[in-house]
Structure formats: structure tokens, C-alpha cells
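> Sequence and computational prediction follow.
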Amino acid sequence: MIDETNFDSALDDALAQEKPFVPPTPQSASTEPVEDDYEPLVINNVKFPRGAAARIRAMAPDEFKTWVADRQKAYIDPIYLSGILGMDLQEDPQRALFANLITLRGPQVPWSELDTIHRKMLLWSRGTCKTTSVRCLEVEIILNYPNARLCFLTGSDELGKAQLRALKLLFEEPTERFEYLFPEFTLKSVWNKKTSQWEDKRVEMGNSQRFSVPARSNTVLAESTFQISTAKKVKAGSHFDFIFIDDLVNETNYQNAAVLERCYQNYIDLVPELDPSGYIVMTGTRYSHDDAYGRILEKATTGEVNLWSFSIRDCYSRGKCINCHHSDVFHDASVNVLQPPCMCGCPGFRSDGIPGVIFPQVRLKDGRLLGFTLEWLAQQRAEMGDAKFSNQYLNQAVAASQQQFTEQMIHTQTIFDAKQLPPWQTETFIVGDLAYTPEETTDSKKRDETVFWVFKRYHGALWVYDGDSGRWGANDLVTHILTAIKKHRPTAFFLEKNAAADALMNQIIARAPEFMISKIPIQWIPQGNVKDQKFVRIAGIAPVLVGKRLWLSASMPGYEKLKQQLLQFPRARHDDYADTLGLCVECPTGWASEAVPLAAVETSLDWLRRLNPAAPVEPNYEDSGAGSGLCAGPAGSETAGWK
């Protein structure tokens, strides 16, 4: 067996002995009898076809050394491999794109040791060659691990078949350079009965659903080298080492809620088929907060799932770094927002001040243009409109022109220091939005939670400082309501009236003695029948925030979820936290009729200062600077001690 990594030592030994160099004699990888005593050429545990083996054995030393070196580079350098495959990938930005996926280190490194994070999501702008890059990575994985099992999931059967066909053609109809370097993946030795000779031929490797490369040696595996998966073809019992999910959400399905739900369910159904040491690579472009990408991002943000690494990029660039001269895209802002480190190890990104694009336009050999210019992107925005341009090129589910809440708006009205909250004795209210979710519903349909916000009315403003939320059954709901009443002693607890209101009230009255509560301050708010009432209610929060009549505590439970829902409005997947905040504004607490003080809000220390005002300092008062108003001159001086 030839070990490519030990080639140099074999060559050095031959040169030291001043003998003609002969490539290392291969060893048979099989104990089965071979006709005419043929000993197969085996490299990296892969048996080579006979004709290719003869060609390799006949190579001159320099050619063989170059052949080995080029194979080694193709194993670990996807940009180099893309050139061999006839692809048009570029150093900038595709080198950075590959760095956010799976970095291969050669066949000798088990795939389980390639990375500690086995879930990768890459959401980059349209037109950055994501799909082509993924195809190149799939070829690279197959070259490194011929027995690996790859599965591909996309938004429709037709898209999946098209991607499988494109990948299969790279092996069935390879470039001359690819077949020269990797004949074991494109050719198969076939016995010609007419000539009684072995011939290397290209063979059909599969069908529109799956294919296996000739280099695969493990015949026990039921799964093919590569196969597509759709809703009709996900079968229990399958096992995969790499699952690729590309364009699960696209321009043909993002506007259909039922289709988005089905796409997400396809992903959920496929996850159990991944082996424990395997990887999931998900690539695409954002279209909706309700899509599969949005759901995974939400779970990672809220801490429910923290198994993923994310790379999200729009079509623009902040320019090049003056430290390393690499583009903005090569710097990882997830590590350090202020000075993102570069792949090259520079101390951090410092822009040259020249804005640009993520994929600088290049002209290919055939004359085609690939990439962007600022002028071309401006033209695309004008033709597509802000909404569609934001989806496909900015990775934003909501266009800036449609976004009603901004980070600055929310942060301006957020309190980060509890000392800034109103005094504890100020009148307190609670408002709740009840959600009744049957226990038998699936997780994907459990979209609403019961949410309580606790707030005070003070100086003509509402101060939201505490909350509670969850998906509770009837008994747990009563427990949480009574616990909130006992803890905060509100003037009123507002709940929106629905068909279950009377039954819930009876349950609360029945259990109130357990919590030592004699007075139940619940007030039922009648449900309105106005069209788009929830939309109007949430939209009404914005002017109250801008008018500084609503304050939010950053330390209260549910603050991050509330902020996310406001930022995603009006296309948020969940809106229960935001809707309940809208109820706070609408409830009859009298805040709107209360005058707002013109002066700054008085703190608890201000009234003490008014009661005990300090006397004005005399102009000629001698003070040596002790800081307390006392004279503290040197010992023995006239100013020492009390005057």
C-alpha cells in the first residue's frame, strides 16, 4: 500500500543509494484471488483501476511527486479543488465562506475530530456562490472519506434532483485534470470479453435519487455515497455522516406558511438520521422569521439550543483592513465586535474607510462577470424593491423601511439600573395574555405562551419591571396568577376575557385561601372585534416608547424575547410578549391623563436635600481642601482644628 505522506522518505532513500527510483511496491488490499496474479494499487485504502494503476506506476519520479503533492493540496484546499473541478470560485470571498463550514485536514484525520461544533449555518447574500461552494465541499469530503454517507435536503424534489445531478456529473463526466489526479473516483476496471483485456471506463454511478462513487470500499453500508431526502423519502433506519441543507427556504415557498411548516418538519424528521459524530451544514438566505433558519436562530438566541455556529452576511463590506489588507468578510465579528480578528491572525479589523461589497466583481475567462458592484446593487434594490432586496441581499426578514421598532428605540427606553425604577410603594398593575394550548399539539404548533407583565404607573409613564410566562395547564395557570397577586399586591390584574374566563375565575376563587388572598383584584377586559386588532395594538407601542411614556427593565424575565418580537414586527413568528406589552398600554390605568413632570424625574435623595439644604459657602471661607468643609491646616498652624 502506498502512503502518500511517506513518499518523500522513499525518494530520499533511493537517491542516497544512487539507484534508479522505483515507486513503492503496492500491497494488495484484498485476500481474494486475482486473475493473472495481478496485485492492485492501493492508496489510502482505495483500490485503483488497473489502467490508472499502470499509468501511475510508470510515472517518472518528478511527475509522481507532483501528482502526490497536487492530490494532497486538493484534499485540504477547497479553492484549489474548485479549479480542478472547473468551478469559478474566488479567493475573496469564497475562502472566507469555506472557513465558516467544515475545514478538512486530509484522509488521515477522522471526520469526528475536524471540529468541536457539528452544526454549521451559513446565511450569506444571494449571489455569493453558496450552492457551488457547498458542492465543492461535498466533493472534498468524498475524496477524503470515500465511505462517507452524505444526505442532501432542499426546498423541493426538483431542486434536490438538480443538485444531485450536478454533483454526480463531476464524477461521471469529470474534467481531464480531476480524472488525472483521482482516477479511482471516476473510473472502474471492466473486463472486455471481445479483447480479453481489462479496460478503465466511466460508468453510471446511480440515478436521480442517489449515487455511489467507484472508490467506495465498504459494501456493508446500505446508504449511498450521496442521496437526496424529501418529505416522501426520509426513512427511519437510515444513517448519515454529513447532512447538507441548502435553500430549504427560497423564493418559491417563503410566502406559504404551510410550506414553511412542512420544510421545517422535514428538517426535524431528518435530524435523527445523523450519526453522533456527523455534521449538519445548512446554507441559504433569510426570507421570513417563521422559516427554518429563523426557528433555529431563535432557539440558539434564547439558549434552548446552543449547538450551532452561525455566519450571517449581507452583500456589503466595510472595506479592507489596514492591518492585513484582507476584506471585511475575512474578519469574525462574533469573536470581537469592535475589532474582529482575521483568519490570518491580524490584531483586528480596522477599516480603510472605503465601503465595498462582499463579493468584488471579477471577469471570468469566458467573459462572464461574477460578483457585485455598489452601482449594480443599487440598481437591484430599485428594481426589486426594499422588501425583496432585504430578503435576498441583506438577509433581513423585514426591510428597514418596514421596521417599526429599532434597537436604538428600545435601548433608549430600557433601564439597566434597578435604582432608576419607581419607588416600591408606587401603584402596581399586572396584565396577562392567556394562551390555551392543547397538550396534544406538536411542538411546532405551540407558538403562544401565557405572558404576564408587572408594571407601575409613575409620573405619567408605565414602568414594566417584572414578568412571568409559560405554557401552563389550567391548574398551573391558577397557581401562577395567585403567586403573582401575592408577590406584587397589584391594584388591578387585567386579563382579556374569553370563553374560559368564568371557569378560570371560579378556580382562582377556590384556591385563593391557599395563598392567603382575600381580595382578588382581577379585572376582565372585553375582547375587541376590530380587524387586525393585534397588529394595531403592537404598533401602538412605538409612539409611547418614542414619547418616553414607557420604560422597560433589562433585568426582567422575558426582556430578550420581548425585544426580539418587537424588532421582528410585523413579521415576527411569535408576538405574545409584544402583544401583552400592547395590552399594558391599552389597559385603563390612567397613565395617559397623568401629567408628565417637566423637570427631571426626582430620585429618593432629592426630597432629603430639599429638607436639609446646605448653607452657601462664604467667599472668604478658608478651606485647605480636606473635602469635608473643615479647615485642616498643618499641626500647630492657625488653621489647624476647629475655628
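Yep, that arrived.

> Where does Asp241 fall, secondary structure wise?
Following DSSP states H and E, one finds Asp241 within strand 240-246.

> what's the next secondary structure element after whichever strand or helix holds Leu137?
Element membership for Leu137, per DSSP H and E: helix 130-144. Proceeding N to C from helix 130-144, the next assigned helix or strand is strand 150-153, under DSSP H and E.

> Give me the contacts around that following strand.
Applying Cβ atoms under 8 Å, 6 or more residues apart in numbering, the contact partners of strand 150-153 are 138, 141-142, 160, 163-164, 223, 225-230, 238, 240-246, 248, 266-267, 270, 273. For glycine as for every other residue, the C-beta is placed from the backbone atoms N, C-alpha and C.

> three-state assignment of the residue nearest the centre of the chain?
For the chain, the residue sitting closest to the mean C-alpha position, by Cα atoms, centre = their mean, is Phe310 at 3.7 Å. At Phe310, secondary structure determined by DSSP: H, G, I helix; E, B strand; the rest coil is strand.

> all helices for the stretch 251-400 of the chain, in order.
Using DSSP state H, counting those that start in this stretch, the helices of the stretch 251-400 of the chain run over 257-270, 292-301, 374-384, 386-393.

> taking the mean pLDDT, what do you get for the following helix or strand past the last one?
Stepping forward along the backbone from helix 386-393, the first helix or strand reached (DSSP H and E) is helix 407-412. Rounded to a whole number, the mean pLDDT of helix 407-412 is 90.

> Also stretch 220-239?
Averaged over stretch 220-239, pLDDT sits at 77.

> Equivalent analysis for stretch 297-306, please.
When the per-residue pLDDT values of stretch 297-306 are averaged, the result is 67.

> Spatially nearest residue to the residue nearest to the centre of the chain, not counting backbone neighbours?
Residue nearest to Phe310 in three dimensions, not counting chain neighbours: Met121, with 5.0 Å by Cβ to Cβ, 6 or more residues apart in numbering.

> Doesn't the one you found belong to a strand?
Yes - residue state for Met121 (three-state DSSP) corresponds to a strand.

> Tell me what it is bridged to.
On the basis of DSSP bridges, Met121 takes part in beta bridges with Met282, Phe310.

> got it, and Leu150?
The residues paired with Leu150 through beta bridges, assigned by DSSP bridges, are Phe226, Phe242.

> ok, now how distant is it from Gln163?
Computed as Cβ to Cβ, to the nearest Å, the Leu150 to Gln163 distance reads 11 Å.

> And Lys548, by the same measure?
As it turns out, when the distance is counted by Cβ to Cβ, Lys548 lies 53 Å from Gln163.

> the more surrounded of those two?
Between Lys548 and Gln163, counting by other Cβ atoms under 10 Å, Gln163 is the more crowded of the two (21 against 12).

> show me what contacts that one?
When contacts are counted by Cβ under 8 Å, 6+ apart, Gln163 touches Thr131, Arg135, Phe152, Thr154, Ile228, Asp246.

> Now the element after the one helix or strand it maps to, going C-ward?
Using DSSP H and E, the element containing Gln163 is helix 157-172. Along the chain past helix 157-172, the next helix or strand (assigned with DSSP H and E) turns out to be helix 176-181.

> Quick one: mean pLDDT over that next one.
Here the average pLDDT along helix 176-181 is 97.

> Just the CA trace of it, in CSV.
C-alpha atoms of helix 176-181 as CSV (Å, rounded to 0.1, in the frame of the first residue of the first chain):
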residue,chain,number,x,y,z
GLU,A,176,-9.3,15.9,-17.5
ARG,A,177,-7.4,17.3,-14.6
PHE,A,178,-9.7,15.8,-12.0
GLU,A,179,-9.6,12.3,-13.6
TYR,A,180,-5.8,12.5,-13.8
LEU,A,181,-5.5,13.2,-10.1
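
> Not counting it itself, show me its contacts.
With Cβ under 8 Å, 6+ apart, helix 176-181 has contacts from Trp67, Asp70, Arg71, Ala74, Ile84, Leu85, Leu170, Thr186, Leu187.

> Can you lay out those as TSV showing neighbour count?
Putting those into TSV (neighbours: other Cβ atoms under 10 Å) gives the following:
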residue	neighbour count
Trp67	17
Asp70	16
Arg71	17
Ala74	23
Ile84	24
Leu85	19
Leu170	21
Thr186	26
Leu187	23
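
> Inside helices: which ones of those residues?
Counting by DSSP state H, the contacts of helix 176-181 place Trp67, Asp70, Arg71, Ala74, Ile84, Leu85, Leu170 in helices.

> what about the residue nearest to the third one when sequence neighbours are not counted, neighbour count?
Meaning Arg71. Once its chain neighbours are removed from consideration, Arg71 has its nearest residue in Leu181; the separation is 5.3 Å (Cβ to Cβ, 6+ apart). Around Leu181 there are 21 other residues, counting by other Cβ under 10 Å.

> Against Gln72, how distant is Leu181?
Distance check for Leu181 against Gln72: by Cβ to Cβ, it reads 10 Å.

> How about Gln361?
When Cβ to Cβ is applied, the distance between Gln361 and Gln72 equals 33 Å.

> and stretch 188-207, what's its mean pLDDT?
Stretch 188-207 carries an average pLDDT of 92.

> circling back to that earlier point, make a markdown table out of the helices of the stretch 251-400 of the chain and add mean neighbour count.
Formatted as a markdown table, the helices of the stretch 251-400 of the chain follow (neighbours: other Cβ under 10 Å):
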| stretch | mean neighbour count |
| --- | --- |
| helix 257-270 | 17 |
| helix 292-301 | 20 |
| helix 374-384 | 13 |
| helix 386-393 | 19 |
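
> Alright, calling it a day.
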